[in-house]
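*Asks:* this one's structure only:
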């Protein structure tokens, strides 16, 4: 991973603080490359950041990562940081654990819609374009649950439309 989590003890009351450390070996673009996202966004310059969040989440509540093998986020943002796309990948230790997580994501209040052309075992999407949220595509494939979503300031246009986001999701699914 590009970052590794660790804990640091502060003076005073002992409370573990999770920090992110840069790690040299990085295969983050094995699922989605900067060039692919930039092309889908119309060729604009983007900056990319990769975070391994499993250790950070475990430090807050170990039960939330109990059945996860990995939990990563790769973000692609415009130079000014206002618009972006996030790719979240969760690799579970079983298909049942992945299905349980997918069911939680797609609950009745989520607003998600089943996709006409399914990605992986099951997939959903949402086109919000309000309140800072653009579009979202989530899918389950085997032990993986993956989501891609765009974000932007309220009233601004998203980095890409739902069709382009779906296309990127299909590329990621093909690489799992």
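*Replies:* Arrived safely, thanks for sending. Predicted, not measured: the structure shown is a model, and the values here were computed from it. Residues are numbered from 1 along each chain as shown.
*Asks:* from here on, contacts and neighbour counts on C-alpha atoms
*Replies:* Will do.
*Asks:* for the longest strand that the chain contains, packing partners?
*Replies:* Taking DSSP state E as the criterion, the chain has its longest strand at strand 68-78. Secondary-structure packing of strand 68-78 (3 or more CA pairs under 8 Å, 6 or more residues apart in numbering; DSSP states H and E): strand 46-52, helix 54-60, strand 84-92.
*Asks:* where's the second one relative to the chain centroid, distance-wise?
*Replies:* Spelled out, it's helix 54-60. Using CA atoms, centre = their mean, to the nearest Å, the mean C-alpha position of helix 54-60 is found 16 Å from that of the whole chain.
*Asks:* just checking, what packs against the lengthiest helix in the chain?
*Replies:* Longest helix in the chain, counting residues (DSSP state H): helix 162-175. Using 3+ CA pairs under 8 Å, 6+ apart as the contact test, the elements touching helix 162-175 are helix 34-40, strand 133-141, strand 144-151.
*Asks:* and these as a markdown table, adding mean pLDDT and distance to residue 110?
*Replies:* Below are these laid out as a markdown table (pLDDT from 0 to 100; distance: least, CA to CA, whole Å):
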| stretch | mean pLDDT | distance to residue 110 |
| --- | --- | --- |
| helix 34-40 | 94 | 26 |
| strand 133-141 | 94 | 11 |
| strand 144-151 | 95 | 14 |
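*Asks:* Output the ones you listed in a markdown table; the columns should cover distance to residue 169.
*Replies:* Output for those, formatted as a markdown table (distance: least, CA to CA, whole Å):
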| stretch | distance to residue 169 |
| --- | --- |
| helix 34-40 | 11 |
| strand 133-141 | 7 |
| strand 144-151 | 7 |
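*Asks:* And the ones you listed: which comes nearest residue 85?
*Replies:* Closest approach to residue 85 among the helices and strands packed on helix 162-175 is made by strand 144-151 (4.3 Å; CA to CA).
*Asks:* Report the angle between that closest one and strand 84-92.
*Replies:* Interaxial angle, strand 144-151 versus strand 84-92 (axes from the mean of the first three to the mean of the last three CA atoms, to 10 degrees): 170 degrees.
*Asks:* what angle do strand 144-151 and helix 162-175 make?
*Replies:* Calculated by the same axes, to 10 degrees, strand 144-151 forms an angle of 150 degrees with helix 162-175.
*Asks:* which of the residues in strand 144-151 are buried?
*Replies:* Neighbour-count burial for strand 144-151 flags 144, 145, 146, 147, 148, 149, 150, 151 (criterion: 16 or more other CA atoms under 10 Å).
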